[in-house]
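Asks: Quick check, what structure comes out for this input:
(one chain, ligands or ions: 2)
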Amino acid sequence: MSTYMLAIDQGTTSTRALLVGRDGRIAAIAQEELPLAYPTPGAVEADAIFIWESAKRVIQDALQKAGVGADAIAAIGMTNQRETTVVWEKATGKPIHPAIVWQSRQSSGICDRLRAEGREELIHERTGLLIDPYFSGTKVTWLLENAEGAREKAERGELLFGTIETWLIWNMTGGRVHVTDVTNASRTLMFNIHERRWDEELLRMLGVPASMLPEVRSSSEIYGMLDSSLLGREVPIAGAAGDQQAALFGQNAFREGATKNTYGTGCFMLMNTGEKAIMSSKGLLTTIAWEVDGKLEYALEGSVFVAGAAIQWLRDGLELIGNASESQDLASQVESTDGVYVVPAFVGLGTPYWNSDVRGSVFGLTRGTSKAHFVRAVLESLAYQTQDVLAVMEEESGLKLISLAVDGGAAANDLLMQFQSDLLNVPVERPAVLESTALGAAFLAGLAVGFWKDKNEIASLRRTDRQFQPDMAETRRNELYGGWKRAVKAAMAFSPES
Ligand SMILES: Nc1ncnc2c1ncn2[C@@H]1O[C@H](COP(=O)(O)OP(=O)(O)O)[C@@H](O)[C@H]1O
Ligand SMILES: O=P(O)(O)OC[C@H](O)CO
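Replies: Ligands and ions are numbered 1, 2, ... in the order given. Now for the predicted structure:
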């Protein structure tokens, strides 16, 4: 009997492979950092071939670390940075352009065009999304308009489109399987989330031929087999979900109202809304949570584009810290930022502002501002952005949060988690396994092959690491958050389009 599920978590900044045991514990983890390219201001790209190569390496590494072979793996679960777009040639498997990363703003001109044509309402009604370069649809249009010969090849049916799980599954199956799962499809701007199908009118609007699109499948079923050339044996690929939906599943947020916040490159809060697709008028997205056993469930989402990425900027861009956890050491040298606010709008702002022109800004500097104040202000910006999201989430769902489940790389930061709890005035609960995303992918695939029996069994595996209790006076909370709101307003006032 196979001992592990293999989860592949292809995130914005790294590719990871994890072996998950029946008890929900991680037996081995292998990780490789992923370089990103910033070819023009606001554009973010990644090398799709490198992503696939890195996936192969981390799979091998994880097996080696655990000292097991492919026969120890029951099945593979996939999870991925969402929206990131790859277009490749069907015949050769070669991408026609680097992958356009979700954060990238290349297609903002195409978004302006769609807005000028008055498409906002129709797009929102059918996809639950907004017109923003974030989503895959306008990225595909951009590629077809800008990569040489792409339009003609696409019209001849020679090109394929995929988000990262599609690209990886296609490669893992030796180019035999071109599929996506419903959660990833729901982020493309081309998928009707109510009727569960690609929407021909939206495809026409975006100029995307239907022949490029993958087949849409559920989040928990066998899509195909890992080609035996990779590990010497075929292994079923049995589940897939976008990383934020996978994290929701991994946090066992199975009931309506259950909410999690993931602090990775960006920050994404998702609330399970069950079989109801709640449509937002305040900048939340309506998205598919998962499809398991023929049941489609939805979530409300607030998306923050820059969270852990701001900590990486402190490390790699400004070289103020040597590694991410040093942000906590420095920030705890001071009691507060002394009035300094950093709005890390490097690629615009998502929920609730949806402004792609605003850029990063710093406010409140004095001669006394130190490196510690500055780093603390960057760290606190993750919590303020989360507060912006939670405010609309509570308003639109009519539900009051009683505690927030957290995960993702930056959730390891105790100072940030305490500050988050203080600001929101709710307990913040951190699970023992911060890798909820990978756990979710393993669970989804594991359910498909009977590795776990049902959701109840999965829920019984959850262990809490720590609860952060709120400990801040209301006046202080209001004062701090008021400062943040002023900072965002001022940053937007600086943007050329405002
Ligand atoms: N101790 C820490 N404090 C603050 N941020 C951190 C810490 N550890 C990691 N991070 C941030 O978390 C992010 C990585 O988290 P991860 O969940 O792996 O992201 P992704 O899936 O987007 O690649 C990085 O952006 C990194 O800067
Ligand atoms: O790479 P992450 O984990 O920050 O996730 C990226 C999101 O899926 C983008 O929508």
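
Asks: Run through the residues that contact I458.
Replies: Going by CB atoms under 8 Å, 6 or more residues apart in numbering, I458 touches 24, 252, 443, 446-447, 452. All C-beta spots, glycine's among them, are computed from the backbone N, C-alpha and C.

Asks: now with 7 Å?
Replies: Residues near I458 by CB atoms under 7 Å, 6 or more residues apart in numbering: 252, 443, 452.

Asks: Within the helices and strands, which one has it?
Replies: Here I458 sits within helix 455-459, counting by DSSP states H and E.

Asks: Could you check the helix or strand following that helix against ligand 1 for contacts?
Replies: Next along the chain after helix 455-459, taking DSSP H and E as the criterion, comes strand 464-468. No: judged by CB under 6 Å from any ligand atom, strand 464-468 stays clear of ligand 1, getting no closer than 13.9 Å.

Asks: so how far is the helix or strand that strand 464-468 is followed by from its chain's centroid?
Replies: The C-terminal neighbour of strand 464-468 among helices and strands, as given by DSSP H and E, is helix 474-494. Its chain's average C-alpha position is 26 Å from that of helix 474-494, according to CA atoms, centre = their mean, to the nearest Å.

Asks: Next: stretch 123-136.
Replies: With CA atoms, centre = their mean as the basis, stretch 123-136 stands 16 Å off its chain's centre.

Asks: how about that stretch: buried residues?
Replies: Of the residues in stretch 123-136, 123-124, 126-136 count as buried by neighbour count, 16 or more other CB atoms under 10 Å.

Asks: Take those residues and write them to a markdown table, including secondary structure, pLDDT and distance to S336.
Replies: Below are the buried residues of stretch 123-136 laid out as a markdown table (DSSP: H, G, I helix; E, B strand; the rest coil; pLDDT from 0 to 100; distance: CB to CB, whole Å):
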| residue | secondary structure | pLDDT | distance to S336 |
| --- | --- | --- | --- |
| I123 | helix | 97 | 42 |
| H124 | helix | 97 | 40 |
| R126 | helix | 97 | 46 |
| T127 | helix | 98 | 41 |
| G128 | coil | 97 | 39 |
| L129 | coil | 97 | 37 |
| L130 | coil | 95 | 35 |
| I131 | coil | 95 | 38 |
| D132 | coil | 92 | 34 |
| P133 | coil | 94 | 35 |
| Y134 | coil | 93 | 33 |
| F135 | coil | 96 | 37 |
| S136 | helix | 98 | 40 |
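
Asks: what does the stretch 351-498 of the chain put close to ligand 2?
Replies: So the stretch 351-498 of the chain never meets ligand 2 (CB under 6 Å from any ligand atom).

Asks: picking up where we left off before, can you redo the buried residues of stretch 123-136 as TSV with distance to ligand 2?
Replies: Converted to TSV, the buried residues of stretch 123-136 look like this (distance: CB to the nearest ligand atom, whole Å):
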residue	distance to ligand 2
I123	17
H124	18
R126	19
T127	14
G128	14
L129	11
L130	13
I131	16
D132	11
P133	12
Y134	7
F135	9
S136	10
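
Asks: Go through the residues you listed and say which is closest to ligand 1.
Replies: The closest of the buried residues of stretch 123-136 to ligand 1 turns out to be Y134 (CB to the nearest ligand atom; 14.4 Å).
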